[in-house]
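K.L.:
coords please:
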Amino acid sequence: MLAKEGFDLLGGRLLPGSEGPVAQFMYQEASGKRLTLYVTPPHKGDKVTAFRFAQEGPVSVFYWIDQECGYALSGELDRPALARVATSVY
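P.N.:
Here you go, the predicted model:
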């Protein structure tokens, strides 16, 4: 639930992944900007839990591992705005 951050859930999908099923959720804010949250079991050997940031063109992503899940939150938001939403997800 990201309504406090201004994003409403549009829908989700259960997808196949290399380490088992993964979930993908799509959110949208009033201006039309969208975020995708991807939740997966961590790959074997992945132990780093800290937030990581990457950007390719206009798309930014924060990704991290928490307990038994890996998370990736991506969208066309600037780093501070995406960090705020990622912290809320965490």
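
K.L.:
give me phi/psi at the residue nearest in space to the middle of the chain?
P.N.:
Nearest to the mean C-alpha position of the chain, by CA atoms, centre = their mean, lies residue 73 at 1.9 Å. Here is the backbone geometry of residue 73 (degrees, to the nearest 10): phi -110, psi 120.

K.L.:
again, but for residue 78
P.N.:
Backbone torsions of residue 78, given as degrees, to the nearest 10, read phi -70, psi 160.

K.L.:
now do it against residue 41, distance only.
P.N.:
Distance, residue 78 to residue 41, using CB to CB, to the nearest Å: 30 Å. Quick note: C-beta positions are derived from backbone N, CA and C, even for glycine.

K.L.:
for residue 51, same thing?
P.N.:
19 Å.

K.L.:
next one: residue 10
P.N.:
Going from residue 10 to residue 41 by CB to CB gives 24 Å.

K.L.:
check residue 19 too.
P.N.:
Distance from residue 19 to residue 41, by CB to CB: 5 Å.

K.L.:
and the pLDDT at the residue nearest to the centre of the chain?
P.N.:
Predicted confidence (pLDDT) for residue 73: 97.
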